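*Asks:* Turn this into a structure:
(2 chains)
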Amino acid sequence: NAGVTQTPKFRVLKTGQSMTLLCAQDMNHEYMYWYRQDPGMGLRLIHYSVGEGTTAKGEVPDGYNVSRLKKQNFLLGLESAAPSQTSVYFCASRPGLAGNNEQFFGPGTRLTVL
Amino acid sequence: QQQVKQSPQSLIVQKGGISIINCAYENTAFDYFPWYQQFPGKGPALLIAIRPDVSEKKEGRFTISFNKSAKQFSLHIMDSQPGDSATYFCAASIGQGGSEKLVFGKGTKLTVNP
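*Replies:* Just a heads-up that it's a prediction; the model follows:
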């Protein structure tokens, strides 16, 4: 089991460029999440998905879009990157079992927008 | 209402000492309180979690103390070791039906000196 994997690990973008971050999980988890982590800010939820084909907004969704076309993959898109989107992005997943709230995190993608 | 306030921001402890990190919340509907541990360059990982029907949960050297009336919970690390040096995040969520989302504290950077 690879668990939760994220691609790429690092990326540098120029303002206005677009990119897609890929999250994949091999644990057959129902729920998937995208967070951003900034110094002194903890983890903030961007978007999440409770199942294939469904997505919902989190705490800081502006400037991001997501898609969950396959159960194992959750894509995070930046259509027009801004310096404020410089951050470390984490994907997480968790089972769809009632009472099992543990989220499993990927290793992160460090994104710099110049 | 949705905030979780964590303190201190940073903590330095000698090997063998007790590390204590505190969190406070306002929303009394929260019913799941996990602590996540994050090493540099890695994603967070669940360390220990508690539900509000118990006042304490212990797993090895790690203990959560929960005070429902004060709306506070804390992580105690007994016999702290240099390998415990990491950033710790408290979190809280509501519900068990799948749509619950974790709200994270801003994190505490723990350094255990040898």
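*Asks:* Any idea how many residues pack against the residue of chain B found nearest chain A?
*Replies:* Per Cβ to the nearest Cβ, residue B:43 is where chain B lies closest to chain A, at 3.3 Å. Glycine gets a C-beta too; all of them are placed from N, C-alpha and C. Neighbour count for residue B:43, taken as other Cβ atoms under 10 Å in any protein chain shown: 23.
*Asks:* For it, which non-adjacent residue is closest in space?
*Replies:* Nearest residue to residue B:43, sequence neighbours excluded (Cβ to Cβ, 6 or more residues apart in numbering or on different chains): residue A:105, at 3.3 Å.
*Asks:* Pull the contacting residues for the one you found.
*Replies:* Neighbouring residues of residue A:105 by Cβ atoms under 8 Å, 6 or more residues apart in numbering or on different chains: A:4, A:90-92, B:36, B:43-45.
*Asks:* Tell me which residue of chain A lies closest to chain B.
*Replies:* Nearest to chain B in chain A, going by Cβ to the nearest Cβ, is residue A:105, at a distance of 3.3 Å.
*Asks:* ok, back up a step: mind putting the contacts of residue A:105 in a markdown table, distance to residue A:45 included?
*Replies:* A markdown table is the format used below for these (distance: Cβ to Cβ, whole Å):
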| residue | distance to residue A:45 |
| --- | --- |
| A:4 | 16 |
| A:90 | 10 |
| A:91 | 11 |
| A:92 | 9 |
| B:36 | 14 |
| B:43 | 15 |
| B:44 | 13 |
| B:45 | 18 |
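*Asks:* Just say helix, strand or coil for residue A:84.
*Replies:* At residue A:84, secondary structure determined by DSSP: H, G, I helix; E, B strand; the rest coil is helix.
*Asks:* I figured the residue of chain B closest to chain A hits residue A:93, correct?
*Replies:* No: at 11.2 Å, residue B:43 does not count as touching residue A:93 under the criterion of Cβ atoms under 8 Å.
*Asks:* between those two, what contacts are shared?
*Replies:* Taking Cβ under 8 Å, 6+ apart as the contact rule, residue B:43 and residue A:93 both touch residue A:4.
*Asks:* so the residue nearest to residue B:43 bridges to which residues?
*Replies:* Counting by DSSP bridges, residue A:105 forms beta bridges with residue A:92.
*Asks:* which residue packs closest to residue B:100, ignoring adjacent ones?
*Replies:* Nearest residue to residue B:100, sequence neighbours excluded (Cβ to Cβ, 6+ apart): residue B:93, at 4.4 Å.
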